[in-house]
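**Q** One predicted model, sequence on top.
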Amino acid sequence: MTAVAYRFKTHPGVLPQPQALKVRVADKPTGWHETDSDGMPICNICEGRFSRILRESVTRPGYIPELAILSFTAHCREIVMYVFVVDKSGNPLTPCRPKRARILLRSGRAVVHKRYPFTIRIKDRVGEESVVKPVRVKIDPGSRYTGVAVVLEDSDGKQRLIAGIEIEHRGKSIKEAMTKRAGYRRRRRSANTRYREPRFDNRTRPEGWLPPSLKHRVDTAISWVERLMKVAPVQGLSVESVRFDTQRLVNPEISGVEYQQGELLGYEVREYLLEKWGRKCTYCGAEGIPLEVEHIVPKSRGGSSRVSNLALACRKCNQEKGAKTAKEFGFPELAKHAQKPLRDAAAVNATRNALVKELASLGIPVETGSGGRTKYNRMRLGISKSHVFDALCVGKVDAVSVDTESLLHVKCSGRGRYARTLPNAYGFPRAYLPRQKQFFGFATGDMVRANVPKGKYRGTYTGRIAVRKSGYFTLACGKEKITVKWNACTVLQRADGYGYMHTKIQRRWNANSSPTLEEGVSLA
């Protein structure tokens, strides 16, 4: 009998098995939620070879769904992510590899404590009886995304990346919601009150006040640091405290007194625009008529009121253009005049001190590093740019080891809203939401596993659901959305204001770096 080569190691006491038949896989597998023709998960890395193993485990006595899913997410060496561990009292222990977690779950010594991030609880161990290795949490704050890296520090100074989290903020949606609320209140006051005497402006803001859209970024980062402190022995924090020079972003050659002499030196805005655009309509070229100041990229489309984004237009062109960009209106050459808005840099500048202050209040030593040092570490080690890798390079870094390429993508989705009326574009009611927020034991935002036995969407899916009174829910699996019935769903984790998805880090090392720049990097 000849042995068959498998990707997985076989126990020496097990006889060699014949090669399995090729499994038909789904068309265009795009993620871990895909299934094969028999409803078993497949992976776009191993091309469905793991489906056979998982199918056999389902029919085996003592089948544990959590163990099967953990095996599925860790069957390929390229997508291994460390598992967080707590003792029977809930105290954090050193994170372990998925192989060790599978052994503990299979033997019954551990149970699933939390799904996201995946955490197990050992039932026969306490922290006093264990050797706990501390970890460090490193943060790269941003306006839209924040990267979080959990690293183990070896005795030789090497930092091992064992878990990565990418947080997607919702500051833009918060700002839009507050702008819409202000419009509703303004209309309600004007409609219900013929005249109201102006209120005495004696309202003051507390020290360190931040707008809700910016406060959300700080609160989310602090919330996830506290979450990690509950499931990992965090002994230190590192955060990038960067300050952007917004004027140098516009003009890299600026220096000295030029900082006080802006683009509008000696002009008023309107006079500057008349000189810049030749006192005629930017679009039709009409002269000798009243001209209006308009935005090349409309503010409703993310444009700013910077002078580089302003142009002159006649009334007819301004109304015809509406909410279109200059490129959509047929003038792509004007797009080069509109420089990139600086709102992201301004958001980071406004929140950097507040974030460091909040982290210091947690009682753990906080290390701060500049953005220049982060870039230097990344270029010296030859690491590609990403949110998690930027977090890995924050602060003092001598050498790094990437033990995982699987990261947890966390999208801030909120916990719903109080309003039960959906308005149209003009503010009038177009639909009404039910008062009840739970149906058949499910609520919008729950993470579920759906087993669809037949039909177009036959298979097993995992994702976030949006509930309906009819019992047919919308399940979001990555970028795809399917409709499933309530009795096909099993709750994995209740809604907590976030959406979760495991993604694969792209290992694109800097090709321009010389071999001497990569001496401190190793790939486990």
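**A** Now that the structure is in, tell me what you want to look at.
**Q** all helices of the stretch 301-450 of the chain, in order?
**A** 315-321, 343-360, 371-381, 387-392 (DSSP state H, counting those that start in this stretch).
**Q** Throw those helices into a markdown table and include mean neighbour count and distance to His169, thanks.
**A** Where you see a C-beta, it was placed from the backbone N, CA and C, and this is true even at glycine. Shown next, in a markdown table, are the helices of the stretch 301-450 of the chain (neighbours: other Cβ atoms under 10 Å; distance: least, Cβ to Cβ, whole Å):
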| stretch | mean neighbour count | distance to His169 |
| --- | --- | --- |
| helix 315-321 | 16 | 31 |
| helix 343-360 | 17 | 9 |
| helix 371-381 | 18 | 18 |
| helix 387-392 | 26 | 11 |
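**Q** out of those, nearest to Arg185?
**A** Evaluated with Cβ to Cβ, the helices of the stretch 301-450 of the chain place helix 343-360 nearest to Arg185, the distance being 24.4 Å.
**Q** Residues touching that closest one, excluding its own?
**A** 139, 141-144, 171, 208, 210, 213-214, 217-218, 221-222, 225, 237, 239, 241-244, 246, 249, 304, 366, 368 (Cβ atoms under 8 Å, 6 or more residues apart in numbering).
**Q** In strands, which of the residues you listed appear?
**A** Among those, the members falling in strands (DSSP state E) are 139, 237, 239, 366, 368.
**Q** From what I see, the last one and Pro141 are in contact.
**A** If I follow you right, that is Thr368. No. In terms of Cβ atoms under 8 Å, Thr368 does not count as a neighbour of Pro141; the distance is 11.2 Å.
**Q** out of these two, which sits in the busier spot?
**A** The residue with more neighbours, out of Thr368 and Pro141, is Pro141; 28 against 18, by other Cβ atoms under 10 Å.
**Q** Can you mark which positions in the longest strand seen in the chain are buried?
**A** Assignment by DSSP E gives strand 158-168 as the longest strand of the chain. Of all the residues in strand 158-168, those buried under the rule 16 or more other Cβ atoms under 10 Å are 158-168.
**Q** Just name the closest of these to Phe331, please.
**A** Glu168 (33.3 Å).
**Q** Which pLDDT value goes with that closest one?
**A** pLDDT recorded at Glu168 is 94.
**Q** Next up, the contacts around the closest residue to it other than its chain neighbours.
**A** Spatial nearest neighbour of Glu168, excluding adjacent residues (Cβ to Cβ, 6 or more residues apart in numbering): Lys411 at 4.5 Å. Residues near Lys411 by Cβ under 8 Å, 6+ apart: 168, 170, 498-501.
**Q** which other residues reach stretch 463-473?
**A** Here stretch 463-473 makes contact (Cβ under 8 Å, 6+ apart) with 33, 413, 434, 436-440, 442-448, 450, 474-478, 483-487, 489, 499-501.
**Q** Go again with 7 Å.
**A** Under the contact criterion Cβ atoms under 7 Å, 6 or more residues apart in numbering, stretch 463-473 has outside partners 33, 434, 439-440, 442-448, 474-477, 483-486, 489, 499.
**Q** what does stretch 362-369 give?
**A** Contacts of stretch 362-369 (Cβ under 7 Å, 6+ apart): 225, 234, 236-241, 356, 359-360, 394-395.
**Q** out of the residues you listed, who's nearest Lys99?
**A** Each of the contacts of stretch 362-369 was checked against Lys99 using Cβ to Cβ; the closest is Val234, at 23.7 Å.
**Q** thought that closest one was touching Lys138?
**A** No. Using Cβ atoms under 7 Å, Val234 makes no contact with Lys138, being 10.7 Å away.
**Q** When these two are compared, which one has more neighbours?
**A** Lys138 (28 against 19).
**Q** Tell me how far the more buried one lies from Thr374.
**A** According to Cβ to Cβ, to the nearest Å, Lys138 and Thr374 sit 10 Å apart.
**Q** any residues in contact with both of the two?
**A** Counting by Cβ under 7 Å, 6+ apart, the common neighbours of Lys138 and Thr374 are Val394.
**Q** who's Pro429 bridged to?
**A** Pro429 forms beta bridges with Pro423, as assigned by DSSP bridges.
**Q** Give me the neighbour count for it.
**A** Pro429, neighbours per other Cβ under 10 Å, totals 9.
**Q** so it touches Ala419, yeah?
**A** No. With contact defined as Cβ under 7 Å, Pro429 does not reach Ala419; the gap is 10.5 Å.
**Q** Where does the prediction get shaky in the stretch 301-450 of the chain?
**A** Where the stretch 301-450 of the chain drops to pLDDT under 70, the residues are 336-342.
**Q** SS state for Ser173?
**A** helix (DSSP: H, G, I helix; E, B strand; the rest coil).
**Q** Please identify the nearest residue in space to it, excluding sequence neighbours.
**A** In space, Ser173 comes closest to Gly414 once its chain neighbours are excluded; the distance is 7.7 Å by Cβ to Cβ, 6+ apart.
**Q** Output the below-cut-off pLDDT ranges for the stretch 51-200 of the chain.
**A** 51-80.
**Q** now the helices for it?
**A** Assigned by DSSP H, counting those that start in this stretch, the stretch 51-200 of the chain shows helices spanning 65-73, 98-107, 171-192.
**Q** Out of these, indicate the one that is most buried.
**A** Mean neighbours per residue, mean count of other Cβ atoms under 10 Å, is largest over those for helix 65-73, with a mean of 19.
**Q** any idea how far Pro453 is from Tyr426?
**A** Pro453 sits 45 Å away from Tyr426, going by Cβ to Cβ.
**Q** Same question for Tyr376.
**A** Computed with Cβ to Cβ, the distance linking Tyr376 and Tyr426 is 53 Å.
**Q** now do Phe329
**A** Note on Phe329: its distance to Tyr426, by Cβ to Cβ, is 24 Å.
**Q** higher neighbour count, the two?
**A** More neighbours surround Phe329 than the other of Phe329 and Tyr426, with 16 against 6 (other Cβ under 10 Å).
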